[in-house]
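**Student:** Quick check, what structure comes out for this input:
(one chain, ligands or ions: 1)
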Amino acid sequence: MAEQDKGFVGVFDSGVGGLTVLGCLVAELPHERFVFFGDSAHAPYGDKPPEEVLELSRRIAASLVDQGAKALVIACNTATSVAAQALRTEYPTIPVIGVEPALKPATLAPQHRRILVMATAATLRLGKFQRLEDRWGADSEVIEVPCVGLADLIEKGDPASPAIHELLERYLGPWRGKVDSVVLGCTHYPLIREQIREVMGDVPLFDGGEGTARETRRRLEAAGLLAPDSQEGSVELRSSIDTPDELAIYQRIFELARR
Ligand code: DGL
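**Tutor:** Take a look at the predicted model:
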């Protein structure tokens with residue numbers, strides 16, 4: 001007899017960025033059913049007051065749980081900083097997994113004297129990142145670069161656009177040749193790895209997608225919620241801009257994000 005289906009893994013972000021995390025989740029957990037929700041109608045989250053991001057995250061989580069999510073992955077650094085604690089309190093029986101800028105692996109790399117962290121202004125400002133920096137940044141100089149406007153441009157669906165290149169040149173250009181690595185502290189940024197390399201040259205880039213996928217596996221296993229190998233995995237993409245054009249952008253970006 002087939003094992004009982006325990007539900008799907010709900011994954012959400014302010015928009016298309018979370019698809020980079022979803023790509024890692026699908027690679028790590030091929031038998032799971034995933035429902036991805038991108039809140040593109042309200043993106044970017046990084047420029048919004050924390051209370052608003054908390055309210056938006058709560059609404060998305062409630063709707064995913066109502067529809068049968070067995071676990072939630074907050075595929076957004078900004079929403080994790082603001083809402084992860086609250087959601088864990090509100091859903092004590094559901095694993096809630098968040099993402100954080102991959103500062104830890106960057107500090108464990110052989111070259112880690114100067115680490116540049118790109119993220120939204122909100123992520124860098126909030127206490128969660130400050131605690132991460134206190135914990136892992138002790139023998140590195142951590143250069144925080146809030147990339148205001150960058151996630152918004154990536155949302156438009158053209159990672160190779162000249163506007164993105166110009167903004168990267170403005171934010172990162174001054175640090176070219178001066179840092180040992182770059183942390184992509186927003187889930188939108190792995191979509192523009194090539195463009196970041198064009199500006200920064202051949203430095204290691206760290207993002208949290210694979211670590212989040214491994215942590216999700218651990219948490220599902222610990223809770224006895226892992227899908228059996230006999231289950232066929234699936235992915236459903238949804239957006240708060242529910243139009244065929246928008247969903248086509250999601251589909252295209254998801255294909256790009258699968259590694
Ligand atoms: N992708 C999100 C993050 O990881 C936020 C981008 C935004 O909406 O500002 O922080």
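
**Student:** what does this protein put close to the ligand?
**Tutor:** 13-14, 17, 43-46, 76-78, 120, 123, 151, 186-188 (Cβ under 6 Å from any ligand atom). Where C-beta positions appear, they are placed from N, C-alpha and C, glycine not excepted.

**Student:** quick one, longest helix in this protein?
**Tutor:** helix 50-66 (DSSP state H).

**Student:** Give me the buried positions along that one.
**Tutor:** Buried residues in helix 50-66, counting neighbours by 16 or more other Cβ atoms under 10 Å, are found at 50, 53-54, 56-57, 60-61, 64-65.

**Student:** go on, stretch 100-120?
**Tutor:** For stretch 100-120, by 16+ other Cβ under 10 Å, it's 100-107, 112, 115-120.

**Student:** List just the nearest of those to residue 177.
**Tutor:** residue 116 (11.6 Å; Cβ to Cβ).

**Student:** And the furthest pair within the buried residues of helix 50-66?
**Tutor:** 50 and 65 (21.7 Å).

**Student:** So the nearest residue to residue 150 once chain neighbours are set aside: helix, strand or coil?
**Tutor:** Leaving aside its chain neighbours, residue 150 sits nearest to residue 167 (5.7 Å; criterion: Cβ to Cβ, 6 or more residues apart in numbering). Put simply, residue 167 is helix when judged by DSSP: H, G, I helix; E, B strand; the rest coil.

**Student:** Check which residues of stretch 146-166 are buried.
**Tutor:** 146-147, 149-155, 157, 159, 164-165.

**Student:** Keep only those of those residues that are in strands.
**Tutor:** residue 146 (DSSP state E).

**Student:** Of the buried residues of stretch 146-166, which is the nearest to the ligand?
**Tutor:** Distance to the ligand across these (Cβ to the nearest ligand atom) is lowest for residue 151, with 3.6 Å.

**Student:** Now do the contacts for the spatially closest residue to residue 161 that is not a sequence neighbour.
**Tutor:** Counting by Cβ to Cβ, 6+ apart, residue 153 is the residue found nearest to residue 161 once chain neighbours are left out, at 6.6 Å. By Cβ atoms under 8 Å, 6 or more residues apart in numbering, the contact list for residue 153 reads 161, 163-164, 167.

**Student:** can you check residue 84 too?
**Tutor:** So residue 84 contacts 74, 96, 98 (Cβ under 8 Å, 6+ apart).

**Student:** Compare these and tell me which is most surrounded.
**Tutor:** When neighbours are counted by other Cβ atoms under 10 Å, residue 74 leads the contacts of residue 84 with 28 neighbours.
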